[in-house]
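Trainee: Sequence and predicted structure are below.
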Amino acid sequence: MSSSGEDYVSEDSDLVKRRIANYFGDGTEYQLDRFLSNGIAAHAWLVRYRRQDQDPWRKMVLKTPAYVEGPLRQEQFANGPEGVEEFYEESMLLKTLRARHLVRLIEFGDQDPLERNGARNYFGNWIYLEFLENGTLAQFVEKYKAQDIPYVPNRLLWRIFMCMIRACIAMAYIPPGDAVDRYDENEEPCLGSKGSYTHVDMHSKNVMIGAILGDPDDPEHDISPVVKFIDLDHHELYDGGEGEGARQNVFLVGANMAEVILGLENQCLDISEAEEEKKPPVPCQLPWRPAFNTFAKDMLPGGQAGDRMPHPELDPYLRYLICLCCAAQEEERPRLADQLLPWVTQAIRERDAAYYDGMDYCDGEEETDDCVLLFLEKVLGAAPPPQEEVDAGEAEEEQGGGGGGGPESMEIVYDSSGYGTSRSSRGTSRDGRETSPQLLVMDLHERFRQREPLADRDDDMDLS
């Protein structure tokens, strides 16, 4: 964050806020809630909107240029208001990809109050995006570390990993022809991809956590929130499929996963900065795996954990894949379509609480549905919405219509106060294990305790 951005927030945000409020008008359909965050090029504002007076308020993010007041305005608007190109480029990319694990673009067309009321000459460009209520991946790490929770459950880590893989597939495999709406289905590889985008700026503050979906029919989101990439305005285009752009994204996904597990800052490295003389790779020689050099050195013995294996409770296969994503040689990093996707899909389906209950390094009780939900409730302060509310939202979706990506297709966003209570009264979890009614009121620090390193063993998964 630049000092200029901080100066802007302290000196000019009130003025800009008043202008935005004036553009929105009488407040019956749109209300400016508050300033959310500032960056070098853009600022984010929380806005509430509804179609009719009797409708519930929904939340979205208004993203505006950073310097619309003060001395830097002239520089940013050097070519006139149309010179602010970042938002236009980001909106075009999101229209092209239209994917579930990329932040959703909201379009109002000729109903946009800022457009109607003359904001173009002031802002130049702006975009509306969905509101992701559970913050950034960096904030997630800060929250669980602040509570002295020593680690994240393996089954939650696999699902966070998969969300980022899905986002990378959406960016690497762009279906030919017109834009395809992939909001309501998981992203899949395709033939004849029109191109492959790399995020460029995929650090943990540009990966955000949305609602905890609690969908029993979706193994990738049954006990976990959806994770999405934001801030795609500096993307770069490569040839479609498993090329250089995909390999860069795979590296950054691995680095973000390492940050979540280790709780360390600056784990997400720009590949151009990961030069051997500055940040030399280390050999990765895990049991029964081919050796290679990786930049994820803190995931292995010899780093900050000394001679011990860092986070011994971590699934060894997940550790291996993260190190492989951060391999020093690009050609050694796993491919998205025929390697990462099937490997992680299989892990999510087969490595349930019963699987971990048979492992020496992990207590299967800590990997049950209820215990994972307890972790999320403690860290994020939210639990899945009651099933009847989800059903009501789906019914409204069926009746409301609207094209994908428009405001009518946005899911209802629940505040933490609107979520239901935890499902501790259930006798069994979705993986079929018996659970205790006391699970969700027990001491979290006792449940998630450190364990001894795992003895060498083979993971029963084919990596050929």
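Mentor: In hand now; what should we look at?

Trainee: show me where pLDDT drops low in this protein?
Mentor: Applying pLDDT under 70 to the chain flags the ranges 1-12, 67-84, 265-278, 303-306, 382-464.

Trainee: For it, which segments count as strands?
Mentor: 30-38, 42-49, 58-65, 105-106, 127-130, 196-198, 207-212, 225-229, 236-238, 282-284, 292-294 (DSSP state E).

Trainee: Run through the neighbouring helices and strands of the last one.
Mentor: If I follow you right, that is strand 292-294. Counting contacts by 3 or more CB pairs under 8 Å, 6 or more residues apart in numbering; DSSP states H and E, strand 292-294 is packed against strand 282-284, helix 316-325. (Glycine included, C-beta is placed from N, CA and C.)

Trainee: Include distance to Asn121 and mean neighbour count when you put the ones you listed into TSV, please.
Mentor: Below are these laid out as TSV (distance: least, CB to CB, whole Å; neighbours: other CB atoms under 10 Å):
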stretch	distance to Asn121	mean neighbour count
strand 282-284	54	18
helix 316-325	46	23
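
Trainee: ok, back up a step: compile the strands of the chain into a markdown table and extend it with columns for distance to Ile322.
Mentor: Compiled in a markdown table, these are given as follows (distance: least, CB to CB, whole Å):
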| stretch | distance to Ile322 |
| --- | --- |
| strand 30-38 | 28 |
| strand 42-49 | 30 |
| strand 58-65 | 30 |
| strand 105-106 | 30 |
| strand 127-130 | 28 |
| strand 196-198 | 19 |
| strand 207-212 | 15 |
| strand 225-229 | 15 |
| strand 236-238 | 23 |
| strand 282-284 | 10 |
| strand 292-294 | 9 |
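
Trainee: out of the helices and strands packed on strand 292-294, nearest to Asp307?
Mentor: Nearest of the helices and strands packed on strand 292-294 to Asp307, taken as CB to CB: strand 282-284 at 13.5 Å.

Trainee: From the contact counts, what lies against the closest one?
Mentor: Using 3+ CB pairs under 8 Å, 6+ apart, strand 282-284 sits against strand 292-294, helix 316-325.

Trainee: out of those, which comes closest to Thr136?
Mentor: Per CB to CB, nearest to Thr136 of those: helix 316-325, 19.3 Å.

Trainee: Relative to Ser37, which of the helices and strands packed on strand 282-284 is closest?
Mentor: helix 316-325 (27.7 Å).

Trainee: distance of Ile230 from Thr198?
Mentor: Ile230 sits 15 Å away from Thr198, going by CB to CB, to the nearest Å.

Trainee: Settle it for me: which of these two has more neighbours?
Mentor: Thr198 (26 against 22; other CB atoms under 10 Å).

Trainee: Specify the beta-bridge partners of the more buried one.
Mentor: For Thr198, the beta-bridge partners are Glu236 (DSSP bridges).

Trainee: Would you mind writing the CA trace of stretch 123-134 as CSV?
Mentor: Output of stretch 123-134 as CSV, limited to C-alpha atoms (Å, rounded to 0.1, in the frame of the first residue of the first chain):
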residue,chain,number,x,y,z
PHE,A,123,-14.4,8.8,-12.2
GLY,A,124,-13.7,8.0,-15.8
ASN,A,125,-14.4,4.3,-15.2
TRP,A,126,-15.7,2.1,-12.4
ILE,A,127,-17.1,-1.4,-11.9
TYR,A,128,-19.5,-3.2,-9.6
LEU,A,129,-18.4,-6.5,-8.1
GLU,A,130,-20.0,-9.1,-5.8
PHE,A,131,-19.3,-8.7,-2.1
LEU,A,132,-17.3,-11.5,-0.5
GLU,A,133,-18.1,-11.3,3.1
ASN,A,134,-15.4,-13.4,4.7
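
Trainee: Just the buried positions in it, please.
Mentor: Within stretch 123-134, the residues that count as buried by 16 or more other CB atoms under 10 Å are 123-134.

Trainee: hmm, which two among those are most spread apart?
Mentor: Gly124 and Asn134 (30.8 Å).

Trainee: For the residue nearest to Val200 when sequence neighbours are not counted, give me its contacts.
Mentor: Spatially, and ignoring its direct neighbours in sequence, Val200 is nearest to His234 (4.6 Å; CB to CB, 6 or more residues apart in numbering). Contacts for His234 (CB atoms under 8 Å, 6 or more residues apart in numbering) come out as 86, 200-201.

Trainee: rewinding a little: distance to Asp369 added to the helices and strands packed on strand 282-284, as TSV?
Mentor: Output for those, formatted as TSV (distance: least, CB to CB, whole Å):
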stretch	distance to Asp369
strand 292-294	32
helix 316-325	19
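
Trainee: Ok, which of these comes nearest Ala170?
Mentor: Closest among these, once you apply CB to CB, is helix 316-325, at 17.3 Å.

Trainee: ok, and what's touching that closest one?
Mentor: 154, 157-158, 161, 250-251, 253-255, 257-258, 261, 284, 286-287, 289, 292, 294, 296, 299-300, 332-334, 340, 343-344, 347, 361, 454, 457, 459, 461.

Trainee: could you flag which of those residues are buried?
Mentor: Neighbour counting over these (16+ other CB under 10 Å) leaves 154, 157-158, 161, 250-251, 253-255, 257-258, 261, 284, 286, 289, 292, 294, 296, 299-300, 333-334, 340, 343-344, 347, 361, 454, 459 as the buried ones.

Trainee: Is there a neighbour count for the residue nearest to Thr28 when sequence neighbours are not counted? I'd like the number.
Mentor: Excluding its sequence neighbours, the residue lying closest to Thr28 (CB to CB, 6+ apart) is Asp53, at 6.4 Å. Residues near Asp53, counting by other CB under 10 Å, number 7.

Trainee: Equivalent analysis for Asp357, please.
Mentor: Close neighbours of Asp357, defined as other CB under 10 Å, add up to 15.

Trainee: Run through the residues that contact the closest residue to it other than its chain neighbours.
Mentor: Leaving out its chain neighbours, the residue that sits closest to Asp357 by CB to CB, 6+ apart is Gly364, at 2.4 Å. For Gly364, the contacting residues are 353-358, 433, by CB under 8 Å, 6+ apart.
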